[in-house]
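In: For reference, the sequence and a predicted model appear below.
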4 protein chains.
Amino acid sequence: MTDIPFNTPLYEPDLRAAGVPAPWTFGVADKTRFGELDVLGHVNNTAYLRWAENFRINYFKDYAIADYSGEPPRLVLRQVGMDFLKEMKLHEPYVITGRAVSVRRSSFRMEYAIYAGDLRATGHAILVWLTQNGEKTALPDHVRATLVNRDGAEQL
Amino acid sequence: MTDIPFNTPLYEPDLRAAGVPAPWTFGVADKTRFGELDVLGHVNNTAYLRWAENFRINYFKDYAIADYSGEPPRLVLRQVGMDFLKEMKLHEPYVITGRAVSVRRSSFRMEYAIYAGDLRATGHAILVWLTQNGEKTALPDHVRATLVNRDGAEQL
Amino acid sequence: MTDIPFNTPLYEPDLRAAGVPAPWTFGVADKTRFGELDVLGHVNNTAYLRWAENFRINYFKDYAIADYSGEPPRLVLRQVGMDFLKEMKLHEPYVITGRAVSVRRSSFRMEYAIYAGDLRATGHAILVWLTQNGEKTALPDHVRATLVNRDGAEQL
Amino acid sequence: MTDIPFNTPLYEPDLRAAGVPAPWTFGVADKTRFGELDVLGHVNNTAYLRWAENFRINYFKDYAIADYSGEPPRLVLRQVGMDFLKEMKLHEPYVITGRAVSVRRSSFRMEYAIYAGDLRATGHAILVWLTQNGEKTALPDHVRATLVNRDGAEQL
């Protein structure tokens, strides 16, 4: 994984070369940092959630869902979760990958996986689309279509 | 909630006075900070996970499970999750409360709730006890007893 | 320092009781947290800068300089610095205190000190007032007057 | 700067290609992240200090000063400072570069510069070498030689 570009969108060939299996098709790599470790010498749990956030921002931009320039989107987190399967230490290169797995009228569920050679963590998030007044509203058609067509998200 | 002490263990009378209902019996209060907001003006999702971490450290110390002085405990996070029910803004006082709800041989599940007048978020964590070599091992008896007797955790 | 309120404006009597000497007259206390430690077991350098930021937000509000509700102020950091005099560990209560020491046409300099029994760190910041277009502009008269009258800031 | 590798040691040719002038010879690039912004939409001051920390860890490893594996070094921060020259926004690629500018018996001073096309910030740090008991001690000869020979640090 030493030649993989960090903090940049990665697609299928890069992911496969880095050992990230199907069905994952979009990812962001990085290398663990000193400031992400806690006193026990492992990457702290909140760092994984930061990685998932940075992944989402790259994903939303690449999928033309939201680009966080100009008017901020009304796309908010309803739920997050992370399973820690194997500890991570300093200077480990890793890939965080993710995809939309299901879509409802005004929300969708993403799943994540973090690979550093082997699988280190899995996670998910549920995101909700709101009006400017903060009311739930239907996902725009182009967003729904992208999640279904590109990621194979199931319509619930 | 203006008179509640921050970043200090709180017990039942304090919690009830702050509007935190039964069965919660232990909590930590604080006030949201500028550095916890993201560009959208809300408290960022990772801040809630930091609050849960700070809660746990206070809880482990108060319950005599681990005090993070001297030899670090081999008590690691296996899973975290958070549900965001209502956004939080700058300078809001809040209480994070939590308890162990179930105990297995080498792990236990905690649940959390965050109140700022009304309920803003709920969460959970699963923690696993390891040997110094990183193998799962049975919870010490005094830890199991505390979780069962003080929090009413169910033995699974 | 066990009875000092955390994350709340503190004035002269509280500061003196906590061992913070003249000329400091405004402060914010807290207790160091697990998430502020780095792998070496000390509070990480960036945590001190977070404390200074949280101090400033409390100070700006208390001094009626800016309250960060509604339209954000155009008050930006031009420089920060921190001297680390003695390490800080987990669960140490401390007070961060600060004051404006000098004022120019469009900027002012603040100094900070962090006490946990003894003096642990000192720091400073230079803040600049901008127009909505991001051009330097004269400090509002009421801001200048407050810094001079309340903190004894020198007009340069 | 779109093709520069992130979070990886960069040397003179990479730096010059990215617009970082002499005398800088070592750097680390990255792209600003959502989680580094504050509510005003700019990169928060503490993020720059995190970048300087990540730079130092890469620098210490590349210069064979300390690698933060095994026994942690007794190399501690005595002072940090940062000058913010021009704001940074989301998704800006940047390079943080740094070098040792002077060396004393038990300490050395590093300077930093952050470029994103133009110069956005400058900073510095003073680091002190300690014994395992926390007493100041002379820098190891190989460290002193590296700082002088590779960075041209002045011996004071």
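Out: Great, that's in hand. Worth saying up front: this structure is predicted, and the values here are computed from it rather than measured.

In: need the longest helix for chain A.
Out: helix A:45-62 (DSSP state H).

In: what about that one, distance to the chain center?
Out: Offset of helix A:45-62 from its chain centre (C-alpha atoms, centre = their mean, to the nearest Å): 5 Å.

In: Touching, A:T32 and A:I114? I think so.
Out: No. Using C-beta atoms under 8 Å, A:T32 is not in contact with A:I114, being 10.5 Å away. Using the backbone N, CA and C atoms, a C-beta is placed for each residue, glycine as well.

In: If you count surrounding residues, which of those two has more?
Out: Comparing A:T32 with A:I114 by other C-beta atoms under 10 Å in any protein chain shown, the one with more neighbours is A:I114, at 27 against 20.

In: give me every residue that touches that one.
Out: Applying C-beta atoms under 8 Å, 6 or more residues apart in numbering or on different chains to A:I114 gives the contacts A:Y48, A:W51, A:Y94, A:V95, A:I96, A:T97, A:R120, A:A121, A:T122, A:G123.

In: Including secondary structure, neighbour count and distance to chain D, could these go into TSV?
Out: What follows is the contacts of A:I114, written out as TSV (DSSP: H, G, I helix; E, B strand; the rest coil; neighbours: other C-beta atoms under 10 Å in any protein chain shown; distance: C-beta to the nearest C-beta, whole Å):
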residue	secondary structure	neighbour count	distance to chain D
A:Y48	helix	27	12
A:W51	helix	25	9
A:Y94	strand	25	11
A:V95	strand	25	13
A:I96	strand	27	13
A:T97	strand	23	17
A:R120	strand	21	18
A:A121	strand	24	17
A:T122	strand	15	20
A:G123	strand	24	16
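
In: from the residues you listed, which single one is nearest D:A66?
Out: The shortest approach to D:A66 among these belongs to A:Y94, at 22.9 Å (C-beta to C-beta).

In: Would you check how far apart the closest one and chain C are?
Out: 18 Å (C-beta to the nearest C-beta, to the nearest Å).

In: Now the residue of chain A found nearest chain D: closest residue in space, sequence neighbours ignored.
Out: The minimum distance from chain A to chain D, using C-beta to the nearest C-beta, falls at A:F6 (3.9 Å). Nearest in space to A:F6, with sequence neighbours left out and distances taken as C-beta to C-beta, 6 or more residues apart in numbering or on different chains, is D:F6 at 3.9 Å.

In: Let me see the contact set for the one you found.
Out: Contacts of D:F6 by C-beta under 8 Å, 6+ apart are A:P5, A:F6, A:N7, A:T8, A:D30, D:V28, D:A29, D:D30, D:K31, D:P93.

In: With pLDDT and secondary structure as new columns, can the residues you listed be given to me in a markdown table?
Out: A markdown table is the format used below for the contacts of D:F6 (pLDDT from 0 to 100; DSSP: H, G, I helix; E, B strand; the rest coil):
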| residue | pLDDT | secondary structure |
| --- | --- | --- |
| A:P5 | 88 | coil |
| A:F6 | 90 | strand |
| A:N7 | 91 | coil |
| A:T8 | 93 | coil |
| A:D30 | 96 | strand |
| D:V28 | 97 | strand |
| D:A29 | 96 | strand |
| D:D30 | 96 | strand |
| D:K31 | 96 | strand |
| D:P93 | 96 | strand |
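
In: Generate CSV for these, with distance to C:R16 as supplementary columns.
Out: Conversion of those to CSV gives the following (distance: C-beta to C-beta, whole Å):
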residue, distance to C:R16
A:P5, 56
A:F6, 50
A:N7, 49
A:T8, 54
A:D30, 48
D:V28, 45
D:A29, 49
D:D30, 45
D:K31, 48
D:P93, 50
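
In: And these, which is closest to D:R78?
Out: Scanning the contacts of D:F6 for proximity to D:R78, where the rule is C-beta to C-beta, the winner is D:V28, at 22.1 Å.

In: Tell me how many other residues surround the closest one.
Out: When neighbours are counted by other C-beta under 10 Å, D:V28 comes out with 24.

In: Contact partners for it?
Out: D:F6, D:N7, D:T8, D:P9, D:L10, D:W51, D:N54, D:F55, D:N58, D:V95, D:I96.

In: quick one on the thing from earlier: for the residue of chain A closest to chain D, give its distance to A:E154.
Out: For A:F6, the distance to A:E154 (C-beta to C-beta, to the nearest Å) stands at 32 Å.

In: for A:L37, same thing?
Out: Taking C-beta to C-beta, one finds A:L37 at 38 Å from A:E154.

In: These two - which one has more neighbours?
Out: Between A:L37 and A:E154, counting by other C-beta under 10 Å, A:L37 is the more crowded of the two (22 against 12).

In: partner residues bridging the more buried one?
Out: Applying DSSP bridges to A:L37 gives these bridge partners: A:V43.

In: thinking again about what came up before, which strand residues bridge the residue nearest to A:F6?
Out: D:A29.

In: Could I get the pLDDT score of the residue in chain A that chain B sits nearest to?
Out: Closest to chain B within chain A is A:G81: 3.8 Å, counting by C-beta to the nearest C-beta. What the model reports for A:G81 is a pLDDT of 98.

In: Which residue lies closest in space to it, excluding its sequence neighbours?
Out: That would be B:G81: by C-beta to C-beta, 6+ apart, it lies 3.8 Å from A:G81.

In: how near is the one you found to A:N45?
Out: Going from B:G81 to A:N45 by C-beta to C-beta gives 11 Å.

In: now the helix or strand harbouring A:R109 against helix A:45-62, angle please.
Out: Element membership for A:R109 (DSSP states H and E) is strand A:107-116. Strand A:107-116 and helix A:45-62 are oriented at 120 degrees to each other (axes from the mean of the first three to the mean of the last three C-alpha atoms, to 10 degrees).

In: mind listing what strand A:107-116 pairs with, with the direction of each?
Out: Its sheet considered, strand A:107-116 pairs with strand A:93-103 (antiparallel), strand A:118-129 (antiparallel) by DSSP bridges.

In: CSV please, covering those and showing distance to C:R150.
Out: Formatted as CSV, the strands paired with strand A:107-116 follow (distance: least, C-beta to C-beta, whole Å):
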stretch, distance to C:R150
strand A:93-103, 49
strand A:118-129, 45
